[in-house]
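using only what follows, build the 3D model:
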Amino acid sequence: MTADPRDVGPVAGGPRPTAAGGRRAYRSARRQEQAAETRALVVAAATSLFSERGWATTGMRDVAASAGVSVETVYANFRSKSELLLTAIDVGVVGDTDPVPLSQRPEYAALATGSFDDRVATAARLLTVINSRGRGLHRALYEAAGGDARIEAALHRLELRRRDNIADAAALVTGGPVGDDVLDRLWSLLSSDTFSLVTHIAGRSVPDYERWLATTIAAVLRAGPP
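Numbering: from 1, shown residues only. Sure, this is the predicted structure:
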């Protein structure tokens, strides 16, 4: 008995749902890609505006106009202006919007390779890049914190997290944990405020800052606790 081709139609037609599913998956992936691109544009626009104008004179409409999107799109990605600023600061640390923390990136792993001087040089180079990107954003955050208790609390948490991150990084450089006295000296030394003092107030170049930072980090770590 010969099978009626219509009996195997659903099987023969099986690839069609797969193809449709493939198209749907492609469209879904493309939408996600476009959403990520839009989010990156918004963060880049916010970074530029907050850094140049500060907190008070940067509005969500300004960010939207600079990014070439609607205000509704900005709010769809960030619930508030403060959330946008804090996100821009986080992105400034790693340099992109990929959801990979600094601790899982090659430049961070390099803190544990080479000689002591190599590790210190790597730390100085990494911190110079981070502070160069984040100086204006941190200035905007301090401005915002002066008039909003919630943002002040966020700044407090951010600084404590930065202290913990420095402790972890210092342990990689030295091969073991450092004490609180050394940690607090590093915490102050590696801040964006210090970067501003050395480069924008004292007028030293960014390469000079990096060299100074490497020398000073090494001195703090070698000296140990007072």
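
now residue 100, what's its secondary structure?
Following DSSP: H, G, I helix; E, B strand; the rest coil, we place residue 100 in the coil state.

quick one: residues contacting it.
By CB atoms under 8 Å, 6 or more residues apart in numbering, residue 100 lies in contact with residue 94. Using the backbone N, CA and C atoms, a C-beta is placed for each residue, glycine as well.

go again using 6 Å as the cut-off
Taking CB atoms under 6 Å, 6 or more residues apart in numbering as the contact definition, residue 100 lies against nothing.

same question for residue 105.
Residue 105 makes contact with no residue, according to CB under 6 Å, 6+ apart.

quick check, pLDDT for it.
Per-residue pLDDT puts residue 105 at 95.

phi, psi of it?
For residue 105, the backbone dihedrals (degrees, to the nearest 10) come out as phi -110, psi 150.

ok, it to residue 155 distance?
Going from residue 105 to residue 155 by CB to CB, to the nearest Å gives 24 Å.

please apply the same query to residue 74.
Computed as CB to CB, the residue 74 to residue 155 distance reads 22 Å.

got it, and residue 208?
Separation of residue 208 from residue 155 (CB to CB) stands at 29 Å.

of the two, who's got more company?
For residue 208 against residue 155, the residue with the higher neighbour count under other CB atoms under 10 Å is residue 155, and the figures read 19 against 13.

which residues does the more buried one contact?
Taking CB under 6 Å, 6+ apart as the criterion, residue 155 is in contact with 141, 145.

what about it, which SS state?
For residue 155, the assignment made with three-state DSSP gives helix.
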